[in-house]
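*Asks:* Turn this into a model:
(one chain, ligands or ions: 1)
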Amino acid sequence: MTRHDVAVFGGGPAGVMAALAAARGGARTLLVERYGFLGGQSVSSLVTPWMAFHSFTRQAVRGIPQELVERLMALGGCPGHLPDPLGVAATLTPFDTELTKLVLLRMAAEAKVELLLYTFAFGVERQGERVLRVRVAHKGGEEWIEASHFIDATGDADLAHHAGLQTRSGRESDGLHQPLTAIFKVGGVDVEALERHVVDHPGEFVLDPRYLRGGMPAIAISGFFDAVSAAREAGRFPIARDRILLFGLPRRGEVAVNTTRIQRVDPVDPRSLSLAEVEAAGQILAVHRLLVDAIPGFARSFILQTPVQTGIRESRRIVGLYELCAADLAAGRDFEDSIARGAFPIDIHSPDRTGVDCESGKRQSDYGIPLRCLIPKEAANLLVVGRALSATFEAHASARITPTAMATGQAAGTAALVALAARCDLREADPRLVRERLLRDGAVV
Ligand SMILES: Cc1cc2nc3c(=O)[nH]c(=O)nc-3n(C[C@H](O)[C@H](O)[C@H](O)COP(=O)(O)OP(=O)(O)OC[C@H]3O[C@@H](n4cnc5c(N)ncnc54)[C@H](O)[C@@H]3O)c2cc1C
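*Replies:* The predicted structure is shown next:
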(Lines give C-alpha, C1' and ligand atoms only; values in the text may rest on other atoms or scores of the structure.)
Protein backbone atom coordinates (compact mmCIF):
# COMPACT_ATOMS: atom_id res chain seq x y z
CA MET A 1 0.00 0.00 0.00
CA THR A 2 1.43 3.42 -1.01
CA ARG A 3 1.57 6.00 1.70
CA HIS A 4 0.76 9.48 0.38
CA ASP A 5 1.79 12.82 1.79
CA VAL A 6 -1.72 14.17 1.28
CA ALA A 7 -4.95 12.31 0.52
CA VAL A 8 -7.92 14.39 -0.57
CA PHE A 9 -11.40 12.85 -0.55
CA GLY A 10 -13.95 14.44 -2.88
CA GLY A 11 -13.09 15.87 -6.30
CA GLY A 12 -15.49 18.81 -6.20
CA PRO A 13 -14.43 22.46 -6.56
CA ALA A 14 -12.84 22.50 -3.10
CA GLY A 15 -11.14 19.08 -3.36
CA VAL A 16 -9.61 19.68 -6.77
CA MET A 17 -8.11 22.99 -5.61
CA ALA A 18 -6.74 21.30 -2.48
CA ALA A 19 -5.13 18.53 -4.51
CA LEU A 20 -3.68 20.95 -7.07
CA ALA A 21 -2.17 23.19 -4.39
CA ALA A 22 -0.61 20.25 -2.57
CA ALA A 23 0.70 18.48 -5.69
CA ARG A 24 2.11 21.64 -7.27
CA GLY A 25 4.05 22.20 -4.06
CA GLY A 26 5.69 18.78 -4.45
CA ALA A 27 3.53 16.67 -2.11
CA ARG A 28 2.66 13.13 -3.23
CA THR A 29 -1.06 13.73 -3.51
CA LEU A 30 -3.95 11.33 -4.01
CA LEU A 31 -7.43 12.54 -4.98
CA VAL A 32 -10.31 10.11 -4.37
CA GLU A 33 -13.66 10.76 -6.06
CA ARG A 34 -16.81 8.67 -6.28
CA TYR A 35 -17.72 9.71 -9.84
CA GLY A 36 -15.67 9.33 -13.04
CA PHE A 37 -15.11 13.08 -13.41
CA LEU A 38 -14.01 16.07 -11.34
CA GLY A 39 -15.91 19.26 -10.53
CA GLY A 40 -18.46 18.19 -7.92
CA GLN A 41 -21.77 19.98 -7.96
CA SER A 42 -20.50 22.58 -10.46
CA VAL A 43 -20.81 19.84 -13.06
CA SER A 44 -22.82 16.98 -11.49
CA SER A 45 -25.62 19.29 -10.36
CA LEU A 46 -25.16 21.90 -13.13
CA VAL A 47 -24.67 24.63 -10.51
CA THR A 48 -23.85 27.62 -12.66
CA PRO A 49 -22.85 30.48 -12.55
CA TRP A 50 -20.03 30.68 -10.04
CA MET A 51 -20.77 33.62 -7.84
CA ALA A 52 -19.08 35.51 -6.51
CA PHE A 53 -15.39 35.98 -7.17
CA HIS A 54 -15.84 39.67 -6.25
CA SER A 55 -17.20 41.72 -3.42
CA PHE A 56 -18.49 45.18 -4.29
CA THR A 57 -15.03 46.61 -3.71
CA ARG A 58 -12.52 44.07 -5.05
CA GLN A 59 -11.76 40.60 -6.37
CA ALA A 60 -11.95 38.37 -3.31
CA VAL A 61 -11.04 35.01 -4.87
CA ARG A 62 -8.05 34.57 -7.17
CA GLY A 63 -5.26 31.97 -7.21
CA ILE A 64 -5.98 28.58 -8.79
CA PRO A 65 -9.75 29.23 -9.08
CA GLN A 66 -8.98 32.30 -11.22
CA GLU A 67 -6.58 30.17 -13.29
CA LEU A 68 -9.45 27.75 -13.94
CA VAL A 69 -11.61 30.66 -15.15
CA GLU A 70 -8.84 31.81 -17.50
CA ARG A 71 -8.28 28.33 -18.92
CA LEU A 72 -11.99 28.04 -19.63
CA MET A 73 -12.02 31.48 -21.24
CA ALA A 74 -9.21 30.39 -23.58
CA LEU A 75 -11.42 27.49 -24.73
CA GLY A 76 -14.54 29.64 -25.13
CA GLY A 77 -16.10 27.96 -22.11
CA CYS A 78 -16.47 31.09 -19.97
CA PRO A 79 -17.05 34.77 -20.78
CA GLY A 80 -15.18 35.82 -17.61
CA HIS A 81 -16.58 37.69 -14.62
CA LEU A 82 -19.66 39.76 -15.52
CA PRO A 83 -21.64 42.26 -13.42
CA ASP A 84 -24.57 40.53 -11.68
CA PRO A 85 -27.77 42.03 -13.12
CA LEU A 86 -29.73 40.81 -10.06
CA GLY A 87 -27.59 43.00 -7.80
CA VAL A 88 -27.30 40.09 -5.34
CA ALA A 89 -23.53 39.88 -5.75
CA ALA A 90 -21.00 42.06 -7.52
CA THR A 91 -20.28 39.58 -10.30
CA LEU A 92 -21.27 36.21 -11.66
CA THR A 93 -19.17 33.86 -13.76
CA PRO A 94 -21.00 31.60 -16.23
CA PHE A 95 -19.06 28.51 -17.32
CA ASP A 96 -19.50 25.48 -19.55
CA THR A 97 -19.97 22.46 -17.31
CA GLU A 98 -18.61 19.94 -19.84
CA LEU A 99 -15.43 21.85 -20.64
CA THR A 100 -14.92 22.32 -16.91
CA LYS A 101 -14.74 18.53 -16.44
CA LEU A 102 -12.10 18.26 -19.16
CA VAL A 103 -10.02 21.18 -17.91
CA LEU A 104 -10.02 19.96 -14.31
CA LEU A 105 -8.83 16.50 -15.36
CA ARG A 106 -6.06 18.13 -17.44
CA MET A 107 -5.00 20.36 -14.55
CA ALA A 108 -4.88 17.38 -12.18
CA ALA A 109 -2.78 15.35 -14.63
CA GLU A 110 -0.38 18.24 -15.27
CA ALA A 111 0.16 18.67 -11.51
CA LYS A 112 0.76 14.90 -11.16
CA VAL A 113 -2.15 14.40 -8.80
CA GLU A 114 -2.75 10.66 -8.50
CA LEU A 115 -6.42 10.06 -9.27
CA LEU A 116 -8.58 7.33 -7.79
CA LEU A 117 -11.96 7.81 -9.43
CA TYR A 118 -15.04 5.60 -9.04
CA THR A 119 -14.10 5.17 -5.40
CA PHE A 120 -16.18 5.98 -2.32
CA ALA A 121 -14.81 6.70 1.16
CA PHE A 122 -16.90 5.15 3.91
CA GLY A 123 -14.79 4.59 6.99
CA VAL A 124 -12.00 6.09 9.07
CA GLU A 125 -9.58 4.51 11.48
CA ARG A 126 -8.09 6.86 13.99
CA GLN A 127 -5.85 6.69 16.99
CA GLY A 128 -6.62 9.43 19.48
CA GLU A 129 -6.78 12.64 17.50
CA ARG A 130 -4.90 11.28 14.44
CA VAL A 131 -6.55 9.82 11.38
CA LEU A 132 -4.51 6.73 10.49
CA ARG A 133 -6.25 5.59 7.32
CA VAL A 134 -9.48 5.87 5.35
CA ARG A 135 -11.50 2.96 4.06
CA VAL A 136 -12.73 3.11 0.48
CA ALA A 137 -14.78 0.85 -1.78
CA HIS A 138 -14.73 0.41 -5.55
CA LYS A 139 -15.42 -2.24 -8.16
CA GLY A 140 -12.29 -4.10 -7.10
CA GLY A 141 -13.44 -4.38 -3.48
CA GLU A 142 -12.29 -2.45 -0.44
CA GLU A 143 -8.96 -0.91 0.47
CA TRP A 144 -7.40 1.41 3.03
CA ILE A 145 -5.77 4.72 2.09
CA GLU A 146 -2.85 5.87 4.23
CA ALA A 147 -1.44 9.37 4.27
CA SER A 148 0.30 11.84 6.53
CA HIS A 149 -2.42 14.43 6.04
CA PHE A 150 -6.07 14.05 5.10
CA ILE A 151 -8.39 16.58 3.49
CA ASP A 152 -12.14 15.97 3.62
CA ALA A 153 -13.67 17.63 0.56
CA THR A 154 -16.76 15.42 0.36
CA GLY A 155 -19.07 18.40 0.94
CA ASP A 156 -20.88 16.29 3.53
CA ALA A 157 -17.98 16.02 6.03
CA ASP A 158 -18.03 12.25 5.46
CA LEU A 159 -14.54 11.71 6.87
CA ALA A 160 -15.18 13.83 9.94
CA HIS A 161 -18.44 11.96 10.49
CA HIS A 162 -16.88 8.51 10.10
CA ALA A 163 -14.04 9.56 12.40
CA GLY A 164 -16.68 10.21 15.06
CA LEU A 165 -16.01 13.96 15.15
CA GLN A 166 -18.79 16.35 16.04
CA THR A 167 -20.85 17.78 13.17
CA ARG A 168 -23.99 19.92 12.89
CA SER A 169 -26.68 19.78 10.25
CA GLY A 170 -29.55 22.07 9.32
CA ARG A 171 -31.13 25.12 10.89
CA GLU A 172 -30.32 25.56 14.58
CA SER A 173 -34.02 26.01 15.54
CA ASP A 174 -35.47 22.84 13.98
CA GLY A 175 -32.76 20.95 12.07
CA LEU A 176 -34.44 21.61 8.70
CA HIS A 177 -32.12 22.12 5.71
CA GLN A 178 -32.26 24.43 2.75
CA PRO A 179 -34.14 22.67 -0.04
CA LEU A 180 -32.49 20.58 -2.72
CA THR A 181 -32.73 21.88 -6.28
CA ALA A 182 -32.41 19.98 -9.55
CA ILE A 183 -30.96 22.58 -11.91
CA PHE A 184 -31.50 21.68 -15.57
CA LYS A 185 -30.30 23.13 -18.84
CA VAL A 186 -32.72 24.25 -21.52
CA GLY A 187 -31.73 24.77 -25.18
CA GLY A 188 -33.47 26.45 -28.09
CA VAL A 189 -34.26 29.62 -26.12
CA ASP A 190 -34.86 32.89 -27.94
CA VAL A 191 -32.71 34.86 -25.54
CA GLU A 192 -33.33 38.20 -27.28
CA ALA A 193 -37.10 37.87 -26.73
CA LEU A 194 -36.57 36.87 -23.10
CA GLU A 195 -34.17 39.72 -22.42
CA ARG A 196 -36.48 42.25 -24.12
CA HIS A 197 -39.39 41.13 -21.96
CA VAL A 198 -37.39 41.57 -18.75
CA VAL A 199 -36.08 45.01 -19.64
CA ASP A 200 -39.56 46.14 -20.76
CA HIS A 201 -41.32 44.82 -17.61
CA PRO A 202 -38.89 45.58 -14.77
CA GLY A 203 -41.68 45.48 -12.17
CA GLU A 204 -41.95 41.70 -12.59
CA PHE A 205 -38.31 41.03 -11.73
CA VAL A 206 -35.53 41.39 -9.22
CA LEU A 207 -33.20 43.60 -11.19
CA ASP A 208 -30.46 46.00 -10.28
CA PRO A 209 -31.85 49.43 -11.31
CA ARG A 210 -28.61 50.05 -13.24
CA TYR A 211 -29.83 47.60 -15.88
CA LEU A 212 -33.31 48.95 -16.44
CA ARG A 213 -32.11 50.67 -19.58
CA GLY A 214 -29.57 49.43 -22.06
CA GLY A 215 -29.90 45.67 -21.58
CA MET A 216 -28.36 43.22 -19.16
CA PRO A 217 -24.64 42.40 -18.98
CA ALA A 218 -25.50 38.73 -18.43
CA ILE A 219 -28.67 36.68 -18.49
CA ALA A 220 -29.74 36.34 -14.85
CA ILE A 221 -33.48 36.40 -14.33
CA SER A 222 -35.37 36.17 -11.08
CA GLY A 223 -39.11 36.80 -11.36
CA PHE A 224 -42.18 35.89 -13.40
CA PHE A 225 -43.99 35.91 -10.04
CA ASP A 226 -47.44 36.30 -11.66
CA ALA A 227 -46.91 33.43 -14.10
CA VAL A 228 -45.82 31.20 -11.22
CA SER A 229 -48.76 32.06 -8.99
CA ALA A 230 -51.25 31.62 -11.88
CA ALA A 231 -49.76 28.19 -12.65
CA ARG A 232 -49.94 27.26 -8.96
CA GLU A 233 -53.60 28.28 -8.74
CA ALA A 234 -54.30 26.13 -11.83
CA GLY A 235 -52.60 23.17 -10.11
CA ARG A 236 -49.70 23.10 -12.59
CA PHE A 237 -46.85 24.27 -10.36
CA PRO A 238 -46.47 21.86 -7.41
CA ILE A 239 -43.30 23.59 -6.16
CA ALA A 240 -42.66 25.64 -3.01
CA ARG A 241 -41.17 28.50 -4.99
CA ASP A 242 -42.50 31.96 -5.73
CA ARG A 243 -40.51 32.65 -8.91
CA ILE A 244 -38.50 31.39 -11.84
CA LEU A 245 -34.75 31.79 -11.51
CA LEU A 246 -32.53 31.18 -14.50
CA PHE A 247 -29.05 31.99 -15.75
CA GLY A 248 -27.57 32.23 -19.23
CA LEU A 249 -24.89 29.73 -20.26
CA PRO A 250 -21.84 30.60 -22.39
CA ARG A 251 -23.53 29.28 -25.56
CA ARG A 252 -26.26 31.71 -26.69
CA GLY A 253 -29.70 30.10 -26.62
CA GLU A 254 -28.98 27.92 -23.56
CA VAL A 255 -29.97 28.65 -19.97
CA ALA A 256 -29.70 26.86 -16.61
CA VAL A 257 -32.99 26.82 -14.73
CA ASN A 258 -32.68 26.96 -10.94
CA THR A 259 -36.35 26.72 -9.92
CA THR A 260 -37.22 23.26 -8.59
CA ARG A 261 -37.25 22.95 -4.83
CA ILE A 262 -37.47 19.78 -2.75
CA GLN A 263 -37.89 20.50 0.94
CA ARG A 264 -37.56 18.39 4.07
CA VAL A 265 -34.94 16.05 2.60
CA ASP A 266 -32.28 14.41 4.76
CA PRO A 267 -29.24 15.13 2.54
CA VAL A 268 -27.21 12.15 3.76
CA ASP A 269 -29.98 9.52 3.76
CA PRO A 270 -30.10 7.61 0.43
CA ARG A 271 -33.77 6.72 0.90
CA SER A 272 -34.72 10.34 1.41
CA LEU A 273 -32.51 11.30 -1.56
CA SER A 274 -34.13 8.65 -3.75
CA LEU A 275 -37.57 10.11 -3.06
CA ALA A 276 -36.12 13.56 -3.79
CA GLU A 277 -34.90 12.45 -7.24
CA VAL A 278 -38.39 11.21 -8.13
CA GLU A 279 -39.88 14.48 -6.90
CA ALA A 280 -37.25 16.45 -8.86
CA ALA A 281 -38.13 14.63 -12.09
CA GLY A 282 -41.78 15.70 -11.77
CA GLN A 283 -40.80 19.27 -10.92
CA ILE A 284 -38.42 19.58 -13.89
CA LEU A 285 -41.20 18.55 -16.24
CA ALA A 286 -43.65 20.99 -14.58
CA VAL A 287 -41.20 23.90 -14.74
CA HIS A 288 -40.36 23.26 -18.38
CA ARG A 289 -44.06 23.05 -19.23
CA LEU A 290 -44.58 26.47 -17.61
CA LEU A 291 -41.60 27.93 -19.50
CA VAL A 292 -42.96 26.70 -22.84
CA ASP A 293 -46.54 27.79 -22.13
CA ALA A 294 -46.04 31.15 -20.46
CA ILE A 295 -42.54 32.57 -20.68
CA PRO A 296 -41.38 34.65 -23.67
CA GLY A 297 -38.57 33.02 -25.66
CA PHE A 298 -39.24 29.42 -24.56
CA ALA A 299 -41.93 28.30 -27.04
CA ARG A 300 -39.48 26.14 -29.04
CA SER A 301 -37.16 25.22 -26.17
CA PHE A 302 -36.23 21.72 -25.03
CA ILE A 303 -34.65 20.10 -21.98
CA LEU A 304 -30.98 19.80 -22.89
CA GLN A 305 -29.45 18.26 -19.78
CA THR A 306 -30.55 17.16 -16.32
CA PRO A 307 -28.22 16.79 -13.33
CA VAL A 308 -26.35 13.63 -12.38
CA GLN A 309 -27.62 14.35 -8.90
CA THR A 310 -30.07 16.88 -7.49
CA GLY A 311 -28.09 19.70 -5.91
CA ILE A 312 -27.53 19.73 -2.16
CA ARG A 313 -27.02 23.20 -0.70
CA GLU A 314 -26.07 21.99 2.74
CA SER A 315 -25.65 18.87 4.82
CA ARG A 316 -23.19 18.23 7.65
CA ARG A 317 -20.93 21.04 8.84
CA ILE A 318 -17.98 20.38 11.11
CA VAL A 319 -17.63 21.84 14.57
CA GLY A 320 -14.29 23.51 14.07
CA LEU A 321 -11.88 25.48 16.20
CA TYR A 322 -13.82 28.56 15.08
CA GLU A 323 -17.43 28.83 13.93
CA LEU A 324 -18.02 31.58 11.38
CA CYS A 325 -21.17 33.53 12.23
CA ALA A 326 -23.47 36.12 10.63
CA ALA A 327 -21.97 38.94 12.71
CA ASP A 328 -18.55 38.21 11.15
CA LEU A 329 -20.08 38.61 7.71
CA ALA A 330 -21.98 41.77 8.61
CA ALA A 331 -18.77 43.34 9.90
CA GLY A 332 -16.68 42.18 6.92
CA ARG A 333 -14.44 40.81 9.64
CA ASP A 334 -10.78 39.89 9.22
CA PHE A 335 -8.86 37.29 11.18
CA GLU A 336 -5.15 36.81 11.83
CA ASP A 337 -5.47 33.33 10.35
CA SER A 338 -7.74 34.29 7.47
CA ILE A 339 -6.85 32.04 4.50
CA ALA A 340 -9.73 32.67 2.09
CA ARG A 341 -12.50 35.19 1.58
CA GLY A 342 -16.25 35.10 1.13
CA ALA A 343 -18.05 37.71 -0.96
CA PHE A 344 -21.64 36.52 -1.24
CA PRO A 345 -24.60 37.65 0.87
CA ILE A 346 -26.49 35.32 3.18
CA ASP A 347 -28.80 33.51 0.77
CA ILE A 348 -31.22 31.15 2.49
CA HIS A 349 -33.67 29.25 0.30
CA SER A 350 -36.42 28.67 2.80
CA PRO A 351 -36.50 25.15 4.28
CA ASP A 352 -40.29 25.35 4.73
CA ARG A 353 -41.72 28.31 2.81
CA THR A 354 -41.66 29.59 -0.81
CA GLY A 355 -39.26 32.52 -0.53
CA VAL A 356 -35.57 33.36 -0.24
CA ASP A 357 -34.00 35.22 2.66
CA CYS A 358 -31.19 37.11 1.09
CA GLU A 359 -29.26 40.01 2.54
CA SER A 360 -28.35 41.28 -0.90
CA GLY A 361 -29.67 44.76 -0.13
CA LYS A 362 -26.73 45.16 2.22
CA ARG A 363 -24.09 44.75 -0.52
CA GLN A 364 -21.92 42.16 1.23
CA SER A 365 -18.35 43.29 1.75
CA ASP A 366 -15.78 40.52 1.60
CA TYR A 367 -14.89 38.79 4.86
CA GLY A 368 -12.10 36.53 6.04
CA ILE A 369 -12.41 32.79 6.63
CA PRO A 370 -10.08 31.64 9.39
CA LEU A 371 -8.00 28.49 8.94
CA ARG A 372 -9.63 27.40 12.21
CA CYS A 373 -12.96 26.99 10.34
CA LEU A 374 -11.35 24.09 8.45
CA ILE A 375 -9.90 22.36 11.52
CA PRO A 376 -12.33 20.03 13.32
CA LYS A 377 -12.10 19.98 17.07
CA GLU A 378 -10.12 16.93 18.20
CA ALA A 379 -8.43 16.20 14.88
CA ALA A 380 -4.70 16.61 14.39
CA ASN A 381 -4.15 15.74 10.72
CA LEU A 382 -7.53 16.36 9.05
CA LEU A 383 -8.85 19.51 7.40
CA VAL A 384 -12.41 19.86 6.10
CA VAL A 385 -12.94 22.20 3.15
CA GLY A 386 -15.73 23.56 0.96
CA ARG A 387 -19.33 23.58 2.01
CA ALA A 388 -18.77 21.48 5.16
CA LEU A 389 -16.67 24.16 6.88
CA SER A 390 -17.43 25.29 10.41
CA ALA A 391 -20.13 27.98 10.30
CA THR A 392 -23.57 28.68 11.69
CA PHE A 393 -26.57 27.90 9.46
CA GLU A 394 -26.77 31.59 8.47
CA ALA A 395 -23.07 32.19 7.79
CA HIS A 396 -22.89 28.91 5.88
CA ALA A 397 -25.59 30.25 3.55
CA SER A 398 -22.96 32.70 2.28
CA ALA A 399 -19.70 30.76 2.67
CA ARG A 400 -21.04 27.66 0.88
CA ILE A 401 -20.76 29.14 -2.62
CA THR A 402 -18.28 27.76 -5.11
CA PRO A 403 -15.55 30.43 -5.45
CA THR A 404 -15.19 30.48 -1.66
CA ALA A 405 -15.24 26.67 -1.50
CA MET A 406 -12.44 26.60 -4.08
CA ALA A 407 -10.44 29.15 -2.10
CA THR A 408 -10.71 27.07 1.09
CA GLY A 409 -9.49 24.08 -0.93
CA GLN A 410 -6.38 25.86 -2.15
CA ALA A 411 -5.77 27.02 1.41
CA ALA A 412 -6.00 23.48 2.81
CA GLY A 413 -3.61 22.07 0.19
CA THR A 414 -1.22 24.89 1.07
CA ALA A 415 -1.57 24.22 4.81
CA ALA A 416 -0.62 20.61 4.09
CA LEU A 417 2.58 21.81 2.38
CA VAL A 418 3.44 23.98 5.38
CA ALA A 419 2.80 21.05 7.73
CA LEU A 420 4.93 18.70 5.61
CA ALA A 421 7.83 21.17 5.55
CA ALA A 422 7.63 21.70 9.32
CA ARG A 423 7.03 17.98 9.96
CA CYS A 424 4.08 18.90 12.12
CA ASP A 425 0.40 18.05 12.12
CA LEU A 426 -2.01 20.02 9.93
CA ARG A 427 -3.51 21.55 13.05
CA GLU A 428 -0.08 22.97 13.90
CA ALA A 429 0.59 24.48 10.46
CA ASP A 430 1.60 28.10 11.11
CA PRO A 431 -1.21 30.27 9.62
CA ARG A 432 1.27 33.07 8.88
CA LEU A 433 3.26 30.73 6.63
CA VAL A 434 0.07 29.45 5.01
CA ARG A 435 -1.04 33.00 4.27
CA GLU A 436 2.40 33.99 2.92
CA ARG A 437 2.47 31.03 0.56
CA LEU A 438 -1.12 31.62 -0.58
CA LEU A 439 -0.31 35.25 -1.38
CA ARG A 440 2.76 34.12 -3.34
CA ASP A 441 0.50 31.79 -5.30
CA GLY A 442 -1.89 34.59 -6.21
CA ALA A 443 -4.67 33.88 -3.71
CA VAL A 444 -6.47 36.53 -1.69
CA VAL A 445 -6.48 36.01 2.08
C1 LIG B 1 -29.10 24.27 -6.05
C2 LIG B 1 -27.79 24.90 -5.74
C3 LIG B 1 -27.54 26.17 -6.20
C4 LIG B 1 -26.32 26.76 -5.95
N5 LIG B 1 -26.06 27.99 -6.49
C6 LIG B 1 -24.78 28.43 -6.51
C7 LIG B 1 -24.43 29.53 -7.31
O8 LIG B 1 -25.27 30.14 -7.98
N9 LIG B 1 -23.14 29.92 -7.32
C10 LIG B 1 -22.18 29.27 -6.61
O11 LIG B 1 -21.02 29.66 -6.69
N12 LIG B 1 -22.49 28.22 -5.82
C13 LIG B 1 -23.76 27.78 -5.77
N14 LIG B 1 -24.09 26.67 -5.02
C15 LIG B 1 -23.13 26.11 -4.05
C16 LIG B 1 -22.11 25.16 -4.65
O17 LIG B 1 -22.60 24.36 -5.67
C18 LIG B 1 -21.53 24.22 -3.59
O19 LIG B 1 -21.56 24.71 -2.32
C20 LIG B 1 -20.13 23.80 -4.02
O21 LIG B 1 -20.30 22.85 -5.04
C22 LIG B 1 -19.33 23.27 -2.88
O23 LIG B 1 -18.18 22.62 -3.35
P24 LIG B 1 -17.54 21.41 -2.53
O25 LIG B 1 -16.32 21.02 -3.28
O26 LIG B 1 -17.43 21.79 -1.12
O27 LIG B 1 -18.64 20.26 -2.57
P28 LIG B 1 -19.31 19.44 -3.77
O29 LIG B 1 -19.44 20.29 -4.99
O30 LIG B 1 -20.53 18.83 -3.20
O31 LIG B 1 -18.23 18.29 -4.10
C32 LIG B 1 -18.04 17.19 -3.27
C33 LIG B 1 -17.36 16.09 -4.08
O34 LIG B 1 -17.06 14.98 -3.24
C35 LIG B 1 -17.51 13.77 -3.85
N36 LIG B 1 -17.84 12.87 -2.74
C37 LIG B 1 -18.79 13.06 -1.80
N38 LIG B 1 -18.75 12.08 -0.88
C39 LIG B 1 -17.74 11.27 -1.24
C40 LIG B 1 -17.18 10.10 -0.65
N41 LIG B 1 -17.64 9.62 0.50
N42 LIG B 1 -16.15 9.49 -1.29
C43 LIG B 1 -15.66 9.99 -2.46
N44 LIG B 1 -16.14 11.11 -3.05
C45 LIG B 1 -17.16 11.75 -2.42
C46 LIG B 1 -18.69 14.20 -4.70
O47 LIG B 1 -18.97 13.28 -5.73
C48 LIG B 1 -18.23 15.55 -5.22
O49 LIG B 1 -17.45 15.45 -6.38
C50 LIG B 1 -25.33 26.06 -5.20
C51 LIG B 1 -25.58 24.77 -4.75
C52 LIG B 1 -26.80 24.19 -5.02
C53 LIG B 1 -27.04 22.80 -4.57
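*Asks:* From Ser390, how far out is Leu374?
*Replies:* The gap separating Leu374 from Ser390 is 7 Å, by C-beta to C-beta, to the nearest Å. Where you see a C-beta, it was placed from the backbone N, CA and C, and this is true even at glycine.
*Asks:* neighbour-wise, which of the two wins?
*Replies:* Legend: neighbour count by other C-beta atoms under 10 Å for Leu374 and Ser390, higher for Leu374 (32 against 27).
*Asks:* pLDDT wise, what is the more buried one at?
*Replies:* On pLDDT, Leu374 comes in at 98.
*Asks:* what sits against it?
*Replies:* Counting by C-beta atoms under 8 Å, 6 or more residues apart in numbering, Leu374 touches 320, 339, 383-385, 389-390, 408, 411-412, 415.
*Asks:* go with 7 Å
*Replies:* Taking C-beta atoms under 7 Å, 6 or more residues apart in numbering, we find Leu374 in contact with 320, 383-385, 389, 408, 412.
*Asks:* Which single residue of the stretch 151-300 of the chain ends up nearest the ligand?
*Replies:* Gly155 (3.0 Å; C-beta to the nearest ligand atom).
*Asks:* Spatially nearest residue to that residue (excluding sequence neighbours)?
*Replies:* Closest residue to Gly155 apart from its sequence neighbours, by C-beta to C-beta, 6 or more residues apart in numbering: Arg387 at 5.1 Å.
*Asks:* Could you tell me which strand of the protein is the longest one?
*Replies:* The residue-count maximum for a strand in the chain (DSSP state E) belongs to strand 141-152.
*Asks:* following that one, which helix or strand shows up next?
*Replies:* Per DSSP states H and E, the first helix or strand lying C-terminal to strand 141-152 is helix 158-162.
*Asks:* For that next one, give me every contacting residue.
*Replies:* Residues outside helix 158-162 that contact it (C-beta under 7 Å, 6+ apart) are 9, 121-124, 134, 150, 152, 167, 316, 318, 376, 382, 384.
*Asks:* What about the residues you listed, which are in strands?
*Replies:* Cross-referencing the contacts of helix 158-162 against strands under DSSP E gives 9, 121-124, 134, 150, 152, 167, 316, 318, 382, 384.
*Asks:* Neighbour-wise, which one of these leads?
*Replies:* Most surrounded of those: other C-beta under 10 Å gives Asp152, at 36 neighbours.
*Asks:* ok, that residue - contacts?
*Replies:* Neighbours of Asp152 in contact, by C-beta under 7 Å, 6+ apart: 9, 158-160, 382, 384, 388.
*Asks:* same thing but 10 Å
*Replies:* Asp152 makes contacts with 7-10, 14-15, 18, 121, 124, 131, 134, 158-163, 165, 318, 374, 376, 379, 382-386, 388, 412, as judged by C-beta atoms under 10 Å, 6 or more residues apart in numbering.
*Asks:* ok, and of those, which contact the ligand?
*Replies:* 9-10, 14-15, 121, 158, 386 (C-beta under 6 Å from any ligand atom).
*Asks:* Alright, that wraps it up for me.
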